[in-house]
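K.L.:
Give me the fold of what follows.
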Amino acid sequence: MKQLMMSADQSEATLRSKLEAVQCHFTWILDPKKNKLLHLRDKLVDIGTEGNSWLGHIYNLRGFIQCKLDSTEDALSFFLQAAEAFRQVRGADEGPWLVVNYGNLAWLHHLMGDQAESEAYLSKVDALKKKYPTPSEDELHAELYAEKAWTLMKFSAKRELVSDYFQKAIRMQPDMVEWNTSHVLCSNSWLETGTLAKIRVAQEQDPENLRLAVYYLEERAKKGEMIADEARQLAGKVLRNPVSSYSGLKGLLKIYRNHLSIDEAVDLAEQALKDHPEERYLKRCAALYYKWLIYFSSSRPEQRTLDRAISLLKEVISLYPHCSLMKKVDLANIHAKSNHSKDEAEQIYQELLKSELEPEDQQLLYNNYAKYSKCDRREYQRAIRYHMKVAAIPHQSSFRRNSIKILMEVVERHRDPMWSEVEEFLENLQEP
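P.N.:
Modelled structure (predicted):
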């Protein structure tokens with residue numbers, strides 16, 4: 001009996017060792033926090049499924065997320081959909097693109113207690129690796145580099161690492177246009193010299209990608225080119241395409257805001273919603289640009305504008321229930337500017353202040369509540385107290401830096417009765 005138990009333990013250890021060696025989502029270092037997973041799940045849903053060359057990768061990641069959220073049956077369904085998506089996109093029943101998928105399935109069946117099925121998928125991984133070898137054991141196949149880059153990008157991994165993986169994949173298989181496009185799109189803030197030339201080459205290779213076309217237009221606008229007419233022409237193409245967060249609409253709205261007008265951006269968002277009134281992603285885009293219209297208006301916004309923003313935000317909050325903190329803060333701030341719902345702003349904030357939040361979300365909430373307290377309630381000392389609460393949370397963020405900056409200004413002005421208390425607070429403040 002003892003020998004049987006020892007043998008079972010050894011088998012389990014051997015299986016676990018094999019699983020740990022597989023390149024897949026379960027062995028890549030991914031952020032397992034629940035709020036991150038829920039947020040990412042919503043983003044993947046908004047990408048859509050129509051005509052997407054990354055559909056297999058999307059289903060693989062959705063399966064991993066569902067497994068981490070303890071929904072193994074949904075995870076299995078998504079992993080099987082991933083295999084089918086790869087078959088359709090690649091035009092073949094088998095290939096190295098299935099290594100990650102089979103690795104995920106091996107892990108899932110292991111976690112579900114089906115060790116025989118787990119072993120079966122590990123054998124499929126081994127078979128694929130023998131059939132499609134890499135030049136050396138230290139290298140991955142191009143398909144694995146590409147999927148790993150795309151996946152890590154979704155988890156906000158170090159951009160240099162993501163770029164390196166994409167470049168390795170592209171060097172091995174330069175004919176994979178979508179890899180080069182994704183590399184250019186994800187590299188937008190760290191492409192060094194020749195940015196426009198790199199984007200232009202990518203667009204020549206992938207002329208139907210409107211998201212890339214929008215990005216190219218934005219970079220040209222930053223260089224001082226007059227792009228208003230092109231932006232309006234591009235808008236017509238984007239609106240005719242299927243709704244997707246990959247359609248280029250969000251980037252185009254940003255171009256409208258920065259280089260045309262915020263009013264035209266809102267009109268474009270409303271036109272998209274008119275064409276597809278039930279699409280939640282479009283409601284989210286429209287709510288965002290009504291917010292900018294209200295926040296950056298040189299005069300008091302019209303009540304109908306405030307009412308429309310409030311209506312959209314309420315819908316978005318109900319459609320994205322797990323990722324709605326910022327939208328609830330926006331809703332409170334816009335209620336504060338309304339003629340007939342100011343009290344609802346304080347009510348929303350009080351409910352949020354009672355909720356359990358991660359440190360970074362606490363900072364977001366306290367920073368916004370401090371500004372609301374000062375600007376809309378004229379409660380200056382409460383505002384200062386909440387900026388101090390933000391700073392006291394040992395987590396680096398833009399909200400913490402902003403609150404510390406505001407507190408330093410309080411000290412420098414010497415006008416507020418609390419300035420000496422704030423000065424002492426800042427002197428004793430420990431950096432996280």
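K.L.:
Tell me where the model's unsure across the stretch 1-150 of the chain.
P.N.:
Under the criterion pLDDT under 70, the flagged ranges of the stretch 1-150 of the chain are 1-10.
K.L.:
if we go to 90?
P.N.:
Residues of the stretch 1-150 of the chain meeting the criterion pLDDT under 90: 1-17, 29-36, 49-53, 134-138.
K.L.:
would you list every one of the helices in the stretch 251-400 of the chain?
P.N.:
Counting by DSSP state H, counting those that start in this stretch, one finds helices in the stretch 251-400 of the chain at the ranges 262-275, 280-295, 303-319, 325-335, 342-353, 359-375, 380-392, 398-413.
K.L.:
With respect to L196, which of those lies nearest?
P.N.:
Closest approach to L196 among the helices of the stretch 251-400 of the chain is made by helix 262-275 (23.7 Å; Cβ to Cβ). Heads up, the C-betas are built off the backbone N, CA and C, glycines and all.
K.L.:
Would you mind checking the average pLDDT for the closest one?
P.N.:
The average of the pLDDT scores along helix 262-275 is 96.
K.L.:
Run the angle between that helix and helix 303-319 for me.
P.N.:
Angle between the axes of helix 262-275 and helix 303-319 is 50 degrees (criterion: axes from the mean of the first three to the mean of the last three Cα atoms, to 10 degrees).
K.L.:
can you list contacts of helix 262-275?
P.N.:
235, 239, 243, 249, 252-253, 256-257, 279, 282-283, 285-286, 289-290, 292-293, 296 (Cβ atoms under 8 Å, 6 or more residues apart in numbering).
K.L.:
for stretch 324-338, same thing?
P.N.:
So stretch 324-338 is contacted by 287, 291, 294, 300-301, 303, 306-307, 309-310, 313-314, 316-317, 320, 341-342, 344-346, 348-349, 352, 357, 361, 364-365, 368, 372, 376 (Cβ under 8 Å, 6+ apart).
K.L.:
let's see 6 Å
P.N.:
With contacts defined as Cβ atoms under 6 Å, 6 or more residues apart in numbering, stretch 324-338 is touched by 291, 306, 309-310, 313, 316-317, 341-342, 344-345, 348-349, 361, 368, 376.
K.L.:
so which of the residues you listed comes closest to A127?
P.N.:
Checking these one by one against A127 (Cβ to Cβ), the nearest turns out to be D361, at 45.5 Å.
K.L.:
List phi and psi for H141.
P.N.:
Here is the backbone geometry of H141 (degrees, to the nearest 10): phi -70, psi 150.
K.L.:
Which residues are in contact with the closest residue to it other than its chain neighbours?
P.N.:
Spatial nearest neighbour of H141, excluding adjacent residues (Cβ to Cβ, 6 or more residues apart in numbering): P96 at 4.5 Å. If you count contacts by Cβ under 6 Å, 6+ apart, P96 has them with 128, 132, 141, 143.
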